[in-house]
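Asker: quick one: sequence plus predicted model below, questions after.
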Amino acid sequence: MKKEDLIQKYFKEVLTPQEEKEFSSLLENDSDFKLEFEEYSNLQKAFKINEADELKDFLKNIEASEADIALPWYKKQYIYYVAAAVLVIGLCIPMLMKPSSSDLYNSYFEIYPNVEQPVVRGDNDNASNNVFQAYESNNFEKSSEGFKALLEKETNPNFRFYYAMSLLNSQKYDEALSELNVLESLEFDYIAETLWYSALISIKKEQFESAKSYLQILDNSNSSFKSKERKVLLKKL
């Protein structure tokens, strides 16, 4: 990842744990990176200060206008209330800004690997082998069709999970979440992964309460899957 991207993601608060380590290492060991970070930080501070100064000037202009124009007392009070509200909102906006749903999703999403069935190259007689081979080759349209066909012959929750992953990797978020919802109540090999990816899809769809619910269920489980990431992500939602 480019150094500039790391710095921007730091200020957006969307660094992954791995990126946080890289960021800290660069800040400590790379003098050019540290200088660039400090310059960017100073620009951010200057921008916020400028915004605050503009709001203060706005209030001063209101006071000057009152001196020139005779206004009833109740209108003067109304103007001050509006000005105070503008000032408070303007100063609070930077603190309330959160990373976008797409930023959060992209920061934490990664293609889930094939750990279910090792692919045997050249074994074209095994239907599931061919489907997993398509998945490993990132041919997700083909693997989606393949897993769907396998599920019509065999109700296998592990196959359904990879069917959902194929749909997700094809950016068919609603269909993927629908398949994952089928798996939530089952005991099978990928229940923790099901909750994690359901949370990510919910974030992508800006359904943040649902995302929190999935992450909390996962956090209360005995699974170590994405243990650090889910705690950080919960704080950001």
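Answerer: Great, that's in hand.
Asker: element containing the closest residue to residue 230 other than its chain neighbours, please.
Answerer: Nearest non-adjacent residue to residue 230, counting by CB to CB, 6 or more residues apart in numbering: residue 215, 5.1 Å away. Any C-beta I mention is one placed from the backbone N, CA and C, and that applies to glycine too. When secondary structure is defined using DSSP states H and E, the element that contains residue 215 is helix 208-219.
Asker: check contacts around the residue nearest to residue 230.
Answerer: 195, 196, 199, 230, 233, 234, 237 (CB atoms under 8 Å, 6 or more residues apart in numbering).
Asker: now do it against residue 130, distance only.
Answerer: Using CB to CB, to the nearest Å, one obtains 35 Å as the distance from residue 215 to residue 130.
Asker: quick check: residue 128 touching residue 117?
Answerer: Yes: shown here, residue 128 and residue 117 form a contact pair, counting by CB atoms under 8 Å, at 6.1 Å.
Asker: if I look at the residue nearest the centre of the chain, how far off is residue 38?
Answerer: Among the residues of the chain, the one closest to the centroid is residue 104, at 1.4 Å (CA atoms, centre = their mean). To residue 38, residue 104 is 27 Å away according to CB to CB.
Asker: immediately after the lowest-mean-pLDDT helix or strand in the chain, which helix or strand?
Answerer: Sorting the helices and strands of the chain by mean pLDDT, DSSP states H and E puts helix 73-96 at the bottom, at a mean of 51. On the C-terminal side of helix 73-96, the nearest following helix or strand under DSSP H and E is helix 101-108.
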